[in-house]
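Trainee: the following block contains a protein sequence and its predicted model.
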Amino acid sequence: MFINPTKETLDLGKESLRKGVTISSGLVAYDLQAPAKNIYPVVTPLRNSIPRVQRFNPGDAARWKQVNSITGSGFDSMGWIPEGQRSGTMSYATASKSAPYVTIGEEDYITFEAEAAAQGFEDENSMITLRLLQKLMRKEEIGLLAGNASLQLGTPGTPVLSASGSGATLPAATYAVRVVALTLEGWKNSSLSGGVSTTQTITGADGKTFSLNGGSSNKSAAATQAVTLGQTLSASVATIQGAVAYAWYVGLSGSETLQAITTINSATFSAPLAGSRQAVTAITADCSANPNVACDGLLTQSLNPSNLAYVNALATGTAGTGTALTSSGRGSVVEIDNMLQAMWDNYRINPTVIYVNSQELKNITNKVLGTGSSSLLRYNSGANDNSHYTTAVAGGAIEFYFNPYSANGGIKMPIKIHPDVPAGTILAYCEQLPSWYQNNNVPNVAEVLTRRDYYRMDWPARSRQREYGIYAEQVLAVYATFGLGVITNIANG
């Protein structure tokens with residue numbers, strides 16, 4: 001039977017004949033560059049610089065004997081003896097030290113299908129090992145800086161409140177304020193959107209669970225303050241040695257929520273409070289330390305009052321503004337100079353490096369090179385430089401800080417940005433004891449003692465995937481904690 005095609009059918013047929021293959025058809029090659037671009041930073045200055053020492057027959061902990069001082073007979077500063085007589089007997093102050101080994105680790109897996117699909121692109125088994133190691137090193141870096149096994153923050157004091165000024169938009173009400181102190185780990189684990197970290201239960205790849213404390217103190221008692229429209233609410237709290245930041249909960253009594261996290265011990269509130277934030281009822285206990293699984297990092301050992309390190313928490317100052325570093329007017333910073341002098345006067349020791357946040361590097365530079373201080377600018381020109389013009393580079397920063405308090409005439413200490421040091425904190429560190437600590441048997445002030453250094457575990461197959469883990473068993477041993485110095489509670493400016 002013959003069917004007479006309609007005009008519409010003929011037009012559709014003609015249109016199809018005019019269509020060809022285009023890029024949008026998808027019939028093209030796929031240009032995928034191999035291998036994958038790993039665009040993430042792995043900054044680990046402490047892990048890279050602190051010597052790693054393998055211990056033999058290590059047992060459960062590193063142990064050492066320490067002679068802290070030697071005291072002469074009679075007057076300690078006089079050695080006079082009459083003719084023919086003998087001196088009295090000197091005495092020693094000794095201590096036994098120990099640091100339990102702890103384990104760090106990270107795991108990953110790859111399915112059989114992913115392994116097969118990656119052929120020709122990259123060796124995914126090797127890349128898993130590399131990325132695992134890189135992530136573990138980053139976690140180790142934070143642990144070497146701020147691991148906390150011993151320093152409990154407890155409960156902050158009751159905040160001190162006031163209301164003043166005009167022009168603010170905070171609604172009139174009687175506000176309650178509570179504060180939670182944070183260790184460096186707590187500061188890194190907390191955010192305004194995610195809330196303050198308390199505890200977290202982790203399910204391991206073996207199905208077993210364990211809990212870690214996030215680095216926060218208990219909440220303080222509440223203080224209240226009436227505010228009229230136009231006034232700013234100001235809050236401050238006594239500093240806690242061991243805290244590098246403070247979380248502020250504000251609201252009507254009984255309904256306070258997280259409104260600010262500051263690296264100084266005060267805050268101000270002038271605008272309507274943000275909604276949908278963590279309630280203060282989420283904070284029920286001191287979760288600042290992990291005594292059974294962690295070891296103390298450099299900053300924690302510095303802030304522990306029993307370790308004789310130099311610690312200076314700057315004054316509260318004006319709430320919300322705080323106390324900034326002070327220019328000496330002669331090309332240095334008063335607070336850093338005071339720290340260096342105290343470490344020399346008390347222990348005859350010199351820090352060899354200073355670690356700072358980017359904010360503090362900028363502040364130190366401004367104090368040293370700003371208007372009103374003695375400029376340390378210098379132009380360097382090579383012997384073979386035939387240029388007729390002097391080239392100036394803008395945006396300079398302080399690279400070294402000169403420490404004059406030394407028996408050998410002073411040393412230049414590098415100032416280094418550390419990715420995990422918070423704003424408002426400066427850490428000074430003596431990496432080697434000076435030569436006048438004779439026969440000290442301390443080649444390094446700090447060492448990572450390893451019972452078993454990095455090792456990879458290829459777990460037996462339980463399903464159609466390969467499972468890997470990288471672990472290390474180690475502890476940070478600091479033999480001369482008085483070689484550490486910290487300045488905290490530094491305001492920006």
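Mentor: Structure received. Numbering: from 1, shown residues only.

Trainee: give the buried residues for stretch 421-433.
Mentor: By 16 or more other CB atoms under 10 Å, the buried positions in stretch 421-433 come out as 421-430, 432-433. Heads up, the C-betas are built off the backbone N, CA and C, glycines and all.

Trainee: taking the mean pLDDT, what do you get for that stretch?
Mentor: Per-residue pLDDT values over stretch 421-433 give a mean of 94.

Trainee: how much distance is there from it to the middle of the chain?
Mentor: Its chain's average C-alpha position is 11 Å from that of stretch 421-433, according to CA atoms, centre = their mean, to the nearest Å.

Trainee: strands of the stretch 301-450 of the chain, start to end?
Mentor: Along the stretch 301-450 of the chain, counting by DSSP state E, counting those that start in this stretch, strands occupy 310-313, 353-356, 400-403, 411-417, 426-429, 446-463.

Trainee: right, so those: which one is the most enclosed?
Mentor: Among those, strand 426-429 has the highest mean neighbour count (mean count of other CB atoms under 10 Å), at a mean of 26.

Trainee: which strands and helices lie in contact with that strand?
Mentor: helix 298-303, helix 334-347, strand 353-356, strand 484-488 (3 or more CB pairs under 8 Å, 6 or more residues apart in numbering; DSSP states H and E).

Trainee: deepest-packed of the ones you listed, please.
Mentor: helix 298-303 (a mean of 26).

Trainee: name the helices or strands packed onto that helix?
Mentor: By 3+ CB pairs under 8 Å, 6+ apart, helix 298-303 packs against helix 124-146, strand 310-313, strand 426-429, strand 465-478, strand 484-488.

Trainee: only C-alpha atoms, please: export the third one in PDB.
Mentor: What follows is strand 426-429, C-alpha atoms only, in PDB (Å, rounded to 0.1, in the frame of the first residue of the first chain):
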ATOM      1  CA  ILE A 426      54.600  34.100  69.200                       C
ATOM      2  CA  LEU A 427      56.800  31.000  69.900                       C
ATOM      3  CA  ALA A 428      60.500  31.300  70.400                       C
ATOM      4  CA  TYR A 429      62.500  28.100  70.400                       C
END
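
Trainee: hmm, who's touching that strand?
Mentor: 145, 298-299, 302, 310, 336, 339-340, 343, 351-356, 360, 413, 418, 421, 445-446, 483-488, 490 (CB atoms under 8 Å, 6 or more residues apart in numbering).

Trainee: could you do the last one as well?
Mentor: If you take CB under 8 Å, 6+ apart as the criterion, strand 484-488 is touched by 239, 243-244, 298-299, 301-303, 307, 309-314, 335-336, 339-340, 342-343, 351, 424-430, 478.

Trainee: just checking: what are the partner strands of it?
Mentor: strand 310-313 (parallel), strand 426-429 (antiparallel) (DSSP bridges).

Trainee: ranges for the helices of the protein?
Mentor: Assigned by DSSP state H, the helices in the chain fall at 7-18, 45-49, 112-117, 124-146, 184-189, 298-303, 334-347, 358-369.

Trainee: buried stuff in the shortest one?
Mentor: By 16+ other CB under 10 Å, the buried positions in helix 45-49 come out as 45-47.

Trainee: which single one of these is nearest to Gly215?
Mentor: Taking CB to CB as the measure, Gly215 lies nearest Leu46 of those, at 18.2 Å.

Trainee: ok, that closest one - contacts?
Mentor: 141, 144-145, 298, 418.

Trainee: quick one, which of the strands paired with strand 484-488 is nearest to Ile128?
Mentor: strand 426-429 (33.8 Å).

Trainee: and Gly214, what does it touch?
Mentor: So Gly214 contacts 185-186, 189-190, 196-200, 287 (CB under 8 Å, 6+ apart).

Trainee: so what's the predicted local confidence for it?
Mentor: 96.

Trainee: what do you get for Gly372?
Mentor: pLDDT, read off for Gly372, is 57.

Trainee: what confidence value was assigned to the closest residue to Gly254 other than its chain neighbours?
Mentor: In space, and not counting its chain neighbours, Gly254 is closest to Ala176: 7.3 Å by CB to CB, 6 or more residues apart in numbering. If you check Ala176, the pLDDT there is 98.

Trainee: do the same with Arg18
Mentor: Reading off the model, Arg18 has pLDDT 58.

Trainee: likewise for the one 3 residues further on?
Mentor: Each residue has a pLDDT score; the one for Val21 is 79.

Trainee: which residues sit in contact with it?
Mentor: Counted by CB under 8 Å, 6+ apart, Val21 has contacts Leu27.

Trainee: how about Glu399?
Mentor: 414-415.

Trainee: same question for Pro291.
Mentor: 149-150.

Trainee: how close does it get to Thr203?
Mentor: 22 Å (CB to CB, to the nearest Å).

Trainee: would you map out the domains in the protein?
Mentor: 45-67+91-151+295-378+396-488, 160-282 (automatic domain parsing).

Trainee: to Ile39, which of those domains lies closest?
Mentor: domain 45-67+91-151+295-378+396-488 (12.2 Å).

Trainee: endpoints of the closest one, how far apart?
Mentor: 21 Å (CA to CA, to the nearest Å).

Trainee: same deal with stretch 27-42?
Mentor: First residue to last in stretch 27-42 (CA to CA) measures 40 Å.

Trainee: in it, what counts as buried?
Mentor: Buried residues in stretch 27-42 (16+ other CB under 10 Å): none.

Trainee: just stretch 211-218 next, same as before
Mentor: 212-218.

Trainee: which among those residues gets closest to Asp108?
Mentor: The closest of the buried residues of stretch 211-218, once distances to Asp108 are taken by CB to CB, is Leu212, at 19.4 Å.

Trainee: how about the contacts made by the spatially closest residue to Ile415 that is not a sequence neighbour?
Mentor: Nearest non-adjacent residue to Ile415, counting by CB to CB, 6+ apart: Ile354, 4.8 Å away. Residues in contact with Ile354 (CB under 8 Å, 6+ apart) are 336, 401, 413-416, 426-429.

Trainee: would JSON lines of the buried residues of helix 45-49 with pLDDT and distance to Lys65 be doable?
Mentor: Below are these laid out as JSON lines (pLDDT from 0 to 100; distance: CB to CB, whole Å):
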{"residue": "Pro45", "pLDDT": "92", "distance to Lys65": "31"}
{"residue": "Leu46", "pLDDT": "92", "distance to Lys65": "26"}
{"residue": "Arg47", "pLDDT": "94", "distance to Lys65": "28"}
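
Trainee: out of the buried residues of stretch 421-433, which is nearest to Tyr454?
Mentor: Tyr429 (23.8 Å).

Trainee: where's that closest one relative to Thr209, distance?
Mentor: Tyr429 is 36 Å from Thr209, by CB to CB.

Trainee: again with Asn68
Mentor: Distance from Asn68 to Thr209, by CB to CB: 42 Å.

Trainee: do Val102 as well
Mentor: 18 Å.

Trainee: list the contacts for the nearest residue to Leu136 once chain neighbours are set aside?
Mentor: Spatially, and ignoring its direct neighbours in sequence, Leu136 is nearest to Glu106 (4.5 Å; CB to CB, 6+ apart). Contacts here follow CB under 8 Å, 6+ apart; on that basis Glu106 touches 132, 135-136, 139, 469-470.

Trainee: thank you kindly, that will do.
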